[in-house]
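Novice: Can you look at this prediction? I've put the sequence above it.
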Amino acid sequence: MSLSAKIYFYFLFLLCIISLLSLIIIREKFSDGLLIGSDSYKSLRFANEFSSSSSISYDSLSYGGKPFIEEKAWYILLSINPVFLSRFLPFIFGLLSFIVFYLLVSKIKPEIKFVSSFLLIISPAFLYLFSTSTKYSASIFFILLGFYMFAIDRKLFGFISFFFTGFFSILSLLVVLFLFFCYCLKKEKFDDFYIIFIGFIFVFLIQFYSIFTLGLSQSVLGFTKFSFSGLISFVVFGFGGKYGFGFFMLFLAFIGIYKYYNIKLRFLFVYLFIFLLLFLSYYFNFLLSYLSFIIAFFAAFGLMPFIFGEWKERSFKFLTLLVIFCGLLFSLLVFYNQVSSFEPTPSFFEGIRFLEDKNSEGTVLADYRFGNYINYIGKKTLLDENFLYAPEPIVRKKDIDFLFNNIDINLTVSLLNKHDVGYIFIDNRLKKEVFNNEDKGFMFLLKYSPALFFKAFNNTEVDVWYNRNIKS
């Protein structure tokens with residue numbers, strides 16, 4: 001690595017440190033030091049459990065109790081020091097992933113290593129991934145390391161790295177397996193694919209052998225309902241999403257794909273593949289963060305003609321580059337501006353902590369997206385995001401939907417008793433999305449049935465109601 005290349009690398013490395021560390025500092029200063037996202041609290045809960053016991057086979061809190069079927073490596077790693085590592089381990093994996101990405105691009109297309117690495121660092125999807133405590137921050141690092149080992153012809157270490165990926169996220173290893181299948185199909189040589197396939201089966205059986213006695217899960221995709229507008233707002237940061245891609249980043253990436261694969265319309269197949277991954281990321285959110293590395297690589301190709309291409313009008317070139325860089329910078333600044341208001345906010349968590357002090361053995365009825373927070377404080381949930389092998393998730397979801405839209409007091413009491421609901425946790429988002437900020441359906445009964453429901457807590461963001469009729 002030449003002296004100038006080292007200077008560029010150290011500049012990017014310092015920028016990466018500042019970018020990721022700033023997120024921790026912002027949350028510490030403006031959000032009471034709360035972690036970002038419900039998955040972080042899920043990780044913290046299981047890390048605490050692994051620190052006190054060597055194994056977990058049953059989750060007594062999610063859905064009121066269900067088998068624990070999940071990769072354990074991330075939780076075991078965090079269990080060394082759950083609170084500290086939940087905050088800083090994603091930061092460390094973020095730095096390591098940046099380094100490996102830089103080295104990998106240096107082997108593939110060294111002329112874009114600086115630009116692609118810079119675009120990666122300012123990507124909201126990259127920043128969000130490595131500021132949340134999830135297993136995917138580790139799995140993406142091992143994926144990148146595996147591909148880098150292949151790039152420098154160290155296949156054995158590459159295979160080992162890929163297999164490590166599977167102990168953090170088996171779905172991530174499945175993505176690697178698919179990519180190798182496509183590559184080997186093109187080369188008409190399947191030796192590497194067979195090795196990874198055997199490794200995938202081995203890693204899968206070690207961790208998920210119990211599913212052969214449990215059968216298939218009743219729900220695979222969860223409760224996310226597809227809508228085109230929802231997909232756009234999720235993928236494109238600034239259109240409602242909190243960690244997607246900026247418009248200009250996507251624009252440059254699609255230009256880069258066209259430039260890189262402009263042979264016999266191959267770019268159309270790549271477009272189709274990217275769109276497929278974007279669609280799947282709507283249900284498997286981690287894919288969006290993984291795509292940030294691919295998008296950054298191709299966006300660098302898309303940006304190069306604007307920087308080094310010959311323009312007839314230099315002033316027009318300057319204005320075009322100014323618009324592009326301002327657009328990229330704007331997405332970054334908006335992301336940082338929103339970090340302090342990312343879920344959970346202090347007001348929201350105040351309601352969660354209120355529940356922590358209650359001795360009720362009943363379940364908590366809340367938006368399923370808040371289940372990890374409620375489980376974190378040791379309370380059982382009626383419904384949450386951990387739907388694999390959950391007991392009757394579809395029935396429970398239908399019961400809740402009916403409950404929210406029903407004003408028959410007898411049916412309401414019957415359903416609450418059926419699921420042993422002790423507390424009802426209502427936040428502003430639920431009021432808006434389900435009740436349109438009106439006193440209708442379940443909200444009407446909560447407010448105007450004092451003999452049955454008592455508002456035990458409220459602030460600007462959360463109301464907590466107590467069910468006086470709970471069976472104890």
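Specialist: Perfect, thanks for sending it.
Novice: List the buried residues for stretch 352-367?
Specialist: Ile352, Phe354, Leu355, Lys358, Ser360, Gly362, Thr363, Val364, Leu365, Ala366, Asp367 (16 or more other C-beta atoms under 10 Å). To be clear about C-beta, it is placed using only N, CA and C from the backbone, and glycine gets the same treatment.
Novice: quick one, phi/psi of Pro67?
Specialist: Dihedral angles phi and psi of Pro67 (degrees, to the nearest 10) take the values phi -60, psi 140.
Novice: Give the bridge partners for it, please.
Specialist: On the basis of DSSP bridges, Pro67 is bridged to Tyr58.
Novice: what's the pLDDT at it?
Specialist: Confidence at Pro67, expressed as pLDDT, is 89.
Novice: tell me the contacts of it?
Specialist: Ser57, Tyr58, Asp59, Ser210, Leu214, Tyr389 (C-beta atoms under 8 Å, 6 or more residues apart in numbering).
Novice: and the second one, how many neighbours?
Specialist: For Tyr58, the number of neighbouring residues by other C-beta atoms under 10 Å comes to 9.
Novice: Same question for the first one.
Specialist: Per other C-beta under 10 Å, the neighbour tally for Ser57 reads 8.
Novice: My guess is it contacts Phe68. True?
Specialist: Yes: with contacts counted by C-beta atoms under 8 Å, Ser57 reaches Phe68, the gap being 5.7 Å.
Novice: just to revisit the earlier point, of the contacts of Pro67, the lowest pLDDT goes to which?
Specialist: Among those, Leu214 has the lowest pLDDT, at 78.
Novice: picking up where we left off before, quick one: the buried residues of stretch 352-367 as a markdown table, columns for secondary structure too.
Specialist: Shown next, in a markdown table, are the buried residues of stretch 352-367 (DSSP: H, G, I helix; E, B strand; the rest coil):
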| residue | secondary structure |
| --- | --- |
| Ile352 | helix |
| Phe354 | helix |
| Leu355 | helix |
| Lys358 | coil |
| Ser360 | coil |
| Gly362 | coil |
| Thr363 | strand |
| Val364 | strand |
| Leu365 | strand |
| Ala366 | coil |
| Asp367 | coil |
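Novice: returning to what we had before: between the contacts of Pro67, which is closest to Tyr448?
Specialist: Distances from Tyr448 to the contacts of Pro67, taken as C-beta to C-beta, are shortest for Asp59 (36.5 Å).
Novice: which ones are touching that closest one?
Specialist: Neighbouring residues of Asp59 by C-beta under 8 Å, 6+ apart: Gly65, Lys66, Pro67, Phe68, Asn375, Asn386.
Novice: 10 Å instead?
Specialist: Contacts of Asp59 were listed using C-beta atoms under 10 Å, 6 or more residues apart in numbering, and they are 45-46, 49, 65-70, 375, 386, 389-390.
Novice: Now intersect those residues with the strands, please.
Specialist: Lys66, Pro67 (DSSP state E).
Novice: What subset of the contacts of Asp59 is buried?
Specialist: Arg45, Phe46, Glu49, Lys66, Pro67, Phe68, Ile69, Glu70, Asn375, Asn386, Tyr389, Ala390.
Novice: Now do the contacts for the first one.
Specialist: Counting by C-beta under 10 Å, 6+ apart, Arg45 touches Asp59, Leu61, Ser62, Tyr75, Pro82, Asn372, Tyr373, Asn375, Tyr376, Ile377, Gly378.
Novice: Buried ones among these?
Specialist: Applying 16+ other C-beta under 10 Å to the contacts of Arg45 flags Asp59, Leu61, Ser62, Tyr75, Pro82, Asn372, Tyr373, Asn375, Tyr376, Ile377 as buried.
Novice: got those as a markdown table, with distance to Leu322 columns?
Specialist: Output for the buried ones among the contacts of Arg45, formatted as a markdown table (distance: C-beta to C-beta, whole Å):
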| residue | distance to Leu322 |
| --- | --- |
| Asp59 | 53 |
| Leu61 | 52 |
| Ser62 | 50 |
| Tyr75 | 47 |
| Pro82 | 46 |
| Asn372 | 43 |
| Tyr373 | 43 |
| Asn375 | 48 |
| Tyr376 | 46 |
| Ile377 | 49 |
